[in-house]
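Student: give me the fold of what follows.
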Amino acid sequence: MRKIKRFGPLQLGKMLAVLYGAMGLLVIPFFLAIPLLAGHLPQEQRVGVMALGAGFAFFVPIIYAVMGFVIGVIGAWVYNLVARWIGGIEVEVE
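Tutor: Next comes the predicted model:
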């Protein structure tokens with residue numbers, strides 16, 4: 001059995017930023033579908049809804065990546081704090 005005693009907060013933050021950013025890319029098609037559905041709205045509402053959908057398609061992966069970084073850094077800090085008290089996670093490796 002091996003024990004994970006500590007995570008590097010910045011490294012875990014970078015890893016989760018990339019993973020969450022990639023997951024954010026998966027939702028782009030849904031936000032790009034919003035302008036297609038907005039074709040049924042009146043003209044004055046259509047432009048705002050189309051811009052909103054396209055804006056979200058661009059910003060959601062960025063927001064996901066930033067949140068992944070923040071969650072990774074905070075999560076590593078909390079894990080490292082708790083691991084000092086109880087000893088960390090035991091993993092069996094071969």
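Student: any idea how far the closest residue to residue 20 other than its chain neighbours is from residue 34?
Tutor: Spatial nearest neighbour of residue 20, excluding adjacent residues (CB to CB, 6 or more residues apart in numbering): residue 68 at 2.8 Å. C-beta: built from backbone N, CA, C; applies to glycine. In this view, residue 68 and residue 34 are 24 Å apart by CB to CB, to the nearest Å.
Student: of the two, who's got more company?
Tutor: residue 68 (23 against 17; other CB atoms under 10 Å).
Student: residue 19 is in contact with that one, correct?
Tutor: Yes: assessed by CB atoms under 8 Å, residue 68 is found in contact with residue 19 at 6.2 Å.
Student: gap between residue 36 and residue 88?
Tutor: From residue 36 across to residue 88, the span is 50 Å (CB to CB).
Student: those two - which one has more neighbours?
Tutor: Set residue 36 next to residue 88 and count neighbours by other CB under 10 Å: residue 88 wins out with 17 against 10.
Student: surely that one meets residue 5?
Tutor: Yes: the pair residue 88 and residue 5 qualifies as a contact (CB under 8 Å) at a distance of 4.7 Å.
Student: how about the strands in this protein?
Tutor: In the chain, the strands defined using DSSP state E lie at 2-4, 89-91.
Student: and the first one, what does it pack onto?
Tutor: Which is strand 2-4. Secondary-structure packing of strand 2-4 (3 or more CB pairs under 8 Å, 6 or more residues apart in numbering; DSSP states H and E): strand 89-91.
Student: what helices or strands is the strand it packs on leaning on?
Tutor: strand 2-4.
Student: which outside residues touch the strand it packs on?
Tutor: 83, 87, 88, 89, 90, 91, 92, 93 (CB atoms under 8 Å, 6 or more residues apart in numbering).
Student: quick one: the helices in the chain?
Tutor: 9-26, 28-37, 43-86 (DSSP state H).
Student: rewinding a little: any chance of the strands of the chain in JSON lines, plus mean pLDDT, mean neighbour count and distance to residue 79?
Tutor: As requested, those are exported to JSON lines (pLDDT from 0 to 100; neighbours: other CB atoms under 10 Å; distance: least, CB to CB, whole Å):
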{"stretch": "strand 2-4", "mean pLDDT": "89", "mean neighbour count": "11", "distance to residue 79": "8"}
{"stretch": "strand 89-91", "mean pLDDT": "92", "mean neighbour count": "10", "distance to residue 79": "8"}
